[in-house]
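>>> Model the following, please.
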Amino acid sequence: MSDEQEERAAPRVRSAELVVAGLFIFLGAVVIYDSLRLGVQWGDDGPQSGYFPFYLGVLVCASSAVNFFRGIRLRGPYNPVFVETAQLRMVLAVLVPSAIYVALIEWLGIYLSSALFIAFFMRWLGKYAWWKLGLVAVGVAVAFFVIFEMWFKVPLPKGPLEILLGLD
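Below is the predicted model of the structure:
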């Protein structure tokens, strides 16, 4: 890949502003919708369940709408590059495996998922020997199990390995 391709611009500030503001408008609308379902009136005994969330949702939508319309007006020197392609690739190199890790917790449990996550990054980014990453990954998972499950008595999500070992 040439240096020119490596340094080409990814999204500009305008695009980032519009996407983030749009997402927050959507989230605020969800809060407003659910608050209306719960009730937003002031009852005899005080505010209904949706009273305060409703106004927070309105505030989020209003401030996000302001950001959205300000983003639409960004032009020229006020619309610089938000992130270079190489920078975005570095962020995604951590974000994508982290998202996969979170998704795997549901099926594999937190301990096995954490061990795999640690081992993956140690091998991929650190180029550590297999025995070192196995020792650290398993050691951290076991330490977390002892700390959370045995000492603090906080049950964390378990997967098939923990159930097979009778640690459920």
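>>> Tell me how the chain divides into domains.
Domain ranges of the chain: 3-78, 87-164, per automatic domain parsing.
>>> Could you give the average pLDDT over the first one?
I take that to be domain 3-78. Domain 3-78 shows a mean pLDDT of 91.
>>> Equivalent analysis for stretch 102-117, please.
Stretch 102-117 comes out at a mean pLDDT of 96.
>>> Take it, keep the C-alpha atoms, and write them as CSV.
C-alpha atoms of stretch 102-117 as CSV (Å, rounded to 0.1, in the frame of the first residue of the first chain):
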residue,chain,number,x,y,z
VAL,A,102,-18.0,-8.8,24.9
ALA,A,103,-20.2,-10.9,22.6
LEU,A,104,-18.3,-14.1,23.6
ILE,A,105,-19.0,-13.6,27.3
GLU,A,106,-22.6,-14.7,26.7
TRP,A,107,-21.6,-18.0,25.2
LEU,A,108,-18.2,-18.8,26.8
GLY,A,109,-18.4,-17.0,30.1
ILE,A,110,-16.3,-14.2,31.3
TYR,A,111,-13.3,-16.2,32.4
LEU,A,112,-12.7,-18.2,29.2
SER,A,113,-13.5,-15.1,27.1
SER,A,114,-11.0,-13.0,29.1
ALA,A,115,-8.3,-15.6,28.8
LEU,A,116,-8.8,-15.7,25.0
PHE,A,117,-8.9,-12.0,24.8
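>>> what's the burial count for Ala21?
Around Ala21 there are 20 other residues, counting by other C-beta atoms under 10 Å. C-beta coordinates here come from the backbone N, C-alpha and C atoms, glycine included.
>>> Next up, identify which helix or strand the residue nearest to it when sequence neighbours are not counted is on.
In space, and not counting its chain neighbours, Ala21 is closest to Phe68: 3.8 Å by C-beta to C-beta, 6 or more residues apart in numbering. Under the criterion of DSSP states H and E, Phe68 resides in helix 51-72.
>>> moving C-terminal of that helix, what's the next helix or strand?
Taking DSSP H and E, what comes next after helix 51-72 is helix 85-108.
>>> Kindly provide the distance from the most centrally placed residue in the chain to Lys153.
By C-alpha atoms, centre = their mean, the chain has its centre lying nearest to Ala99, at 7.2 Å. Using C-beta to C-beta, to the nearest Å, one gets 30 Å for the distance from Ala99 to Lys153.
>>> which secondary structure elements does the helix holding Phe68 contact?
In terms of contacts (3 or more C-beta pairs under 8 Å, 6 or more residues apart in numbering; DSSP states H and E), helix 51-72 is packed against helix 13-38.
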